[in-house]
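J.: Have a look at this fold, sequence not included:
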Ligand code: CP
Ligand code: NVA
């Protein structure tokens, strides 16, 4: 695997290989078995948006793999002053062994991959969040034992998380239902992708319909990073798109709840549902570390 730019680029086999390796690395990590697979390698981490989980899990992951990570803030890099991404990519390729980037436009990530000569990993764009969804899939399989016969439901904004969950969920064989307001639907590229899956994918603007018999429920913030100016407008548009007791009673009795975090209690999810499922949600957050280590190995290990 050369890069991780978006879930659309991955085959089902590649996703399963990442998840299997992630499970193995998690097991080894828990059992004190060291795995310095990326000894001596350096990952550059470019952040044009805030982060808690992505930054800390990538940095720790590189350390656990025997390498190191460099935090590169947009505020300090020349890229923030207009140096073209084409030049940044060619320069950084000569110092680093891989780049993780969190930014706004998906094109910037694709350009880094095109002009650079080292693996590029997408740590979130406005279009998608593949690292998060790999951790989410890992968590679902950990709790449910399989993807077969499961229904995933996403309630809320048709944003980067929705785009990636739809693609990831369908690729591993789950049924996927999404409830979002008509004006906040997922990206057209993703909706086109769903067409080959027939009625395994459904989209509605009625949350209770989408949640019916779901095995795993997802939501995400109503206002993503970069959209803060629209916060009040979005609060009105998304009122009713909340994971609460009513939604939970439409889902299967043993349904899981997942949230990429950070969560806004009493907006997209109630405090009560969040805390009742905190165990699954924080395991999901932990699995960012293991899933991303698998991605780092798959993209950066030299002799594969
Ligand atoms: N879920 C997620 O990507 O969290 P951060 O924004 O804290 O990295
Ligand atoms: N949709 C959110 C996800 C944060 C991890 C955002 O882009 O801000």
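T.: It's in. All of these numbers come straight from a predicted model, not from anything done at the bench. Ligands and ions are numbered 1, 2, ... in the order given.
J.: which residues in the stretch 51-200 of the chain form helices?
T.: Along the stretch 51-200 of the chain, counting by DSSP state H, counting those that start in this stretch, helices occupy 53-64, 85-95, 106-115, 130-144, 160-171, 188-194.
J.: in terms of contact, does residue 123 touch residue 131 like I think?
T.: Yes - contact status for residue 123 versus residue 131: in contact at 6.0 Å, counting by C-beta atoms under 8 Å. Just so you know, the C-beta spots here come from the backbone N, C-alpha and C atoms, and that holds for glycine as well.
J.: Neighbour count: the two, which is higher?
T.: Neighbours were counted for residue 123 and for residue 131 using other C-beta atoms under 10 Å; residue 123 has more, 28 against 25.
J.: what about the nearest residue to that one once chain neighbours are set aside, neighbour count?
T.: Leaving aside its sequence neighbours, residue 123 sits nearest to residue 102 (C-beta to C-beta, 6 or more residues apart in numbering; 4.0 Å). Residues lying near residue 102 (other C-beta under 10 Å) number 24.
J.: between the helices of the stretch 51-200 of the chain, which gets nearest to ligand 1?
T.: helix 53-64 (3.2 Å; C-beta to the nearest ligand atom).
J.: Would you mind pulling up the elements that that closest one packs against?
T.: strand 42-47, strand 68-73, strand 98-102, helix 278-300 (3 or more C-beta pairs under 8 Å, 6 or more residues apart in numbering; DSSP states H and E).
J.: Sheet-wise, list the partners of the first one with their directions.
T.: Taking DSSP bridges as the criterion, strand 42-47 pairs within the sheet with strand 68-73 (parallel), strand 98-102 (parallel).
J.: got CSV for those strands, with mean pLDDT and distance to residue 15 too?
T.: Shown next, in CSV, are the strands paired with strand 42-47 (pLDDT from 0 to 100; distance: least, C-beta to C-beta, whole Å):
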stretch, mean pLDDT, distance to residue 15
strand 68-73, 96, 24
strand 98-102, 98, 19
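J.: To ligand 1, which of the ones you listed lies closest?
T.: The closest of the strands paired with strand 42-47 to ligand 1 is strand 98-102. By C-beta to the nearest ligand atom, the value is 7.4 Å.
J.: Please determine whether that closest one lies in contact with ligand 2.
T.: No - Strand 98-102 does not reach ligand 2 (C-beta under 6 Å from any ligand atom); its nearest approach is 9.1 Å.
J.: Now do that strand: distance to the chain's middle.
T.: How far strand 98-102 lies from its chain's middle: 14 Å, per C-alpha atoms, centre = their mean, to the nearest Å.
J.: Between helix 278-300 and it, find me the angle.
T.: Interaxial angle of strand 98-102 relative to helix 278-300 (axes from the mean of the first three to the mean of the last three C-alpha atoms, to 10 degrees): 140 degrees.
J.: Pull the residues that contact strand 98-102.
T.: With contact meaning C-beta atoms under 8 Å, 6 or more residues apart in numbering, strand 98-102 is reached by 41-49, 51, 54, 58, 69, 89, 92, 108-109, 112, 116, 118-125, 296, 299-300.
J.: got a list of what the residue sitting nearest the centre point of the chain touches?
T.: Geometric centre of the chain, nearest residue: residue 132, 2.2 Å, by C-alpha atoms, centre = their mean. Contact partners of residue 132, counting by C-beta under 8 Å, 6+ apart, are 124, 161, 164, 260, 288.
J.: give me that answer again for 6 Å
T.: residue 260 (C-beta atoms under 6 Å, 6 or more residues apart in numbering).
J.: Over to residue 190?
T.: Residue 190 makes contacts with 163, 166, as judged by C-beta under 6 Å, 6+ apart.
J.: ok, 7 Å please
T.: Residues in contact with residue 190 (C-beta atoms under 7 Å, 6 or more residues apart in numbering) are 163, 166-167.
J.: cool, and residue 37?
T.: By C-beta under 7 Å, 6+ apart, the neighbours of residue 37 are 65-66, 297, 301.
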